[in-house]
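> Build me a model from this:
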Amino acid sequence: MNRYITSIIAVVTALLVCGCRGRGASSATEEPKYADKSYSGFGYAGVFPETGSGLRFRLEALAEGDYTLSLRYGVEGTEIATVSLFVDDVKVGPSLSLTPPADGEWGEHSVDIALDEGINHIDFLRGEGDNGKVMIDYIEVYKK
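Here you go, the predicted structure:
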């Protein structure tokens, strides 16, 4: 039960922080890749055009410890998308390399993270050397 509460809090907070309510089109004349609304919620956030741009999730962990972060994502284009993951401003391992799922489909990727009890910030940022061509539908965080 707690894992779902954490996931919902993370998704709702991300929507509030980034104001994500669109369908993720990169320009006003381009049809969004996921125009069929296969995304969850109000839409998805993504394609980070500049180094340092990204998305922040704020979530509250009920206990300090090791967690698994599961990411539902899409990729712009056919090349592997790369993006950096930070927890409380500390980079978690090397950049994530996200393989493009089938056209119009979403992929899933999991990574282990450590969280402190209380409020934590999870950032997906386009770092140096990243292409930022990822679209994030949602994250889920599970206690290990």
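> So which residues of this structure form helices?
According to DSSP state H, the chain carries its helices in the segments 2-18.
> low pLDDT regions in it?
1-37 (pLDDT under 70).
> again, 90 this time
Within the chain, the segments meeting pLDDT under 90 span 1-47, 76-77, 102-105.
> Now do the strands in it.
Listed in chain order, the strands found in the chain under DSSP state E are 45-46, 54-61, 65-75, 81-87, 90-91, 96-98, 107-115, 118-125, 134-143.
> Would you convert those strands into JSON lines that also reports mean neighbour count and distance to residue 38?
The way it works is simple: take the backbone N, C-alpha and C, and place the C-beta from them, glycine included. What follows is the strands of the chain, written out as JSON lines (neighbours: other CB atoms under 10 Å; distance: least, CB to CB, whole Å):
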{"stretch": "strand 45-46", "mean neighbour count": "24", "distance to residue 38": "14"}
{"stretch": "strand 54-61", "mean neighbour count": "19", "distance to residue 38": "19"}
{"stretch": "strand 65-75", "mean neighbour count": "19", "distance to residue 38": "9"}
{"stretch": "strand 81-87", "mean neighbour count": "21", "distance to residue 38": "18"}
{"stretch": "strand 90-91", "mean neighbour count": "12", "distance to residue 38": "31"}
{"stretch": "strand 96-98", "mean neighbour count": "17", "distance to residue 38": "17"}
{"stretch": "strand 107-115", "mean neighbour count": "15", "distance to residue 38": "12"}
{"stretch": "strand 118-125", "mean neighbour count": "18", "distance to residue 38": "20"}
{"stretch": "strand 134-143", "mean neighbour count": "21", "distance to residue 38": "9"}
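> wait, which of those strands is closest to residue 39?
Residue 39 lies closest to strand 134-143 among those, at 4.9 Å (CB to CB).
> Pull up the pairing partners for the closest one, direction included.
Using DSSP bridges, the strands paired with strand 134-143 in its sheet are strand 45-46 (antiparallel), strand 65-75 (antiparallel).
> any idea how far the nearest residue to residue 84 once chain neighbours are set aside lies from residue 85?
Sequence neighbours aside, residue 127 is the residue nearest to residue 84 in space, at 3.7 Å (criterion: CB to CB, 6 or more residues apart in numbering). Counting by CB to CB, to the nearest Å, the gap from residue 127 to residue 85 is 9 Å.
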